[in-house]
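**Q** got a sequence here, can you build the structure:
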Amino acid sequence: MKKTMLLNLLLAVALLWVSVSLVRLKSSQSAAPANAGEVVVSSLMSRTSIRRFTNQPVSSDTINLLLKAAMAAPTARNMQPWHFVVVNDTAQIAALGKTSRHSGPLQTATLVIAVCGDMDKTMEGDGQAFWIQDVSAATENLLLAAHAVELGAVWTGAYPIKDRVQAISEVLSLPETVVPLALVAIGYPAESPQPKDKWKEENVSWNTFGGTNE
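**A** Numbering: from 1, shown residues only. Sure, this is the predicted structure:
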């Protein structure tokens, strides 16, 4: 009798646990679609530039995740005219830090990714300049992905400043057909600045320039 009572009690506890688990699972599944968009937009709005980092290195798996996110960017005619140079060598990062007076964030970064345009992969004629838009989109994806995995990052421009392009190209031994658009300094944040509210209604027109939504 005691064994039967004990067995029934265990079965009741197990049934209760399964029921609670199913309710939680159903609740999370139904809530996910409604909140997913809000989560994404919140991440976009909360991203901000980080210029000081700890000395904790970024793992290879995380670096690969960032690169995959960057390469998921839109690109004209799917040309994908980009090339990424991953720099985690201390001496190389220090050398890149000397390529511009705006390279201060590289002094503490444990990772720098040079986001470049590969002129051998661009469209022909006037469409060649689309590489700038494509590589810029990849750079933004890189920044957003870093923020999503709780890293900090900042975009430091190179192209079209000729001196910076040349200096970076020399440090990274880039061929003439590969042009550095930006250096992205990445690492674990050593600061927590508040994101800026950049919304300005005066920067929006409706239907024609200067048109209002009235």
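**Q** when you work out contacts or count neighbours from here on, use the C-alpha atoms and nothing else.
**A** Fine.
**Q** give me the contacts around stretch 197-210.
**A** Residues outside stretch 197-210 that contact it (CA atoms under 8 Å, 6 or more residues apart in numbering): 211-213.
**Q** quick one: contacts for the residue nearest to His147 when sequence neighbours are not counted?
**A** With CA to CA, 6 or more residues apart in numbering as the criterion, His147 has its nearest non-adjacent residue at 6.2 Å, and that residue is Arg47. If you count contacts by CA under 8 Å, 6+ apart, Arg47 has them with 144, 147, 195.
**Q** contacts only, for the second one.
**A** Same thing as His147. The contact partners of His147, by CA under 8 Å, 6+ apart, come to 43, 47, 153.
**Q** kindly recompute the last result at 10 Å.
**A** 43-44, 46-50, 141, 153, 186, 188 (CA atoms under 10 Å, 6 or more residues apart in numbering).
**Q** could you pull out the helices in the chain for me?
**A** For the chain, the helices identified by DSSP state H occupy 2-46, 60-70, 90-96, 130-148, 162-172, in order along the chain.
**Q** what's in contact with the third one?
**A** Applying CA under 10 Å, 6+ apart, the set of residues contacting helix 90-96 from outside is 87, 97, 103, 106-114, 164, 167-172, 183, 185.
**Q** now with 8 Å, please.
**A** Under the criterion CA under 8 Å, 6+ apart, residues 87, 103, 106-107, 109-112, 168, 171 lie in contact with helix 90-96.
**Q** same thing with the second one?
**A** Residues lying outside helix 60-70 but in contact with it, judged by CA under 8 Å, 6+ apart, are 84, 137-142, 145-146.
**Q** that'll do, ta.
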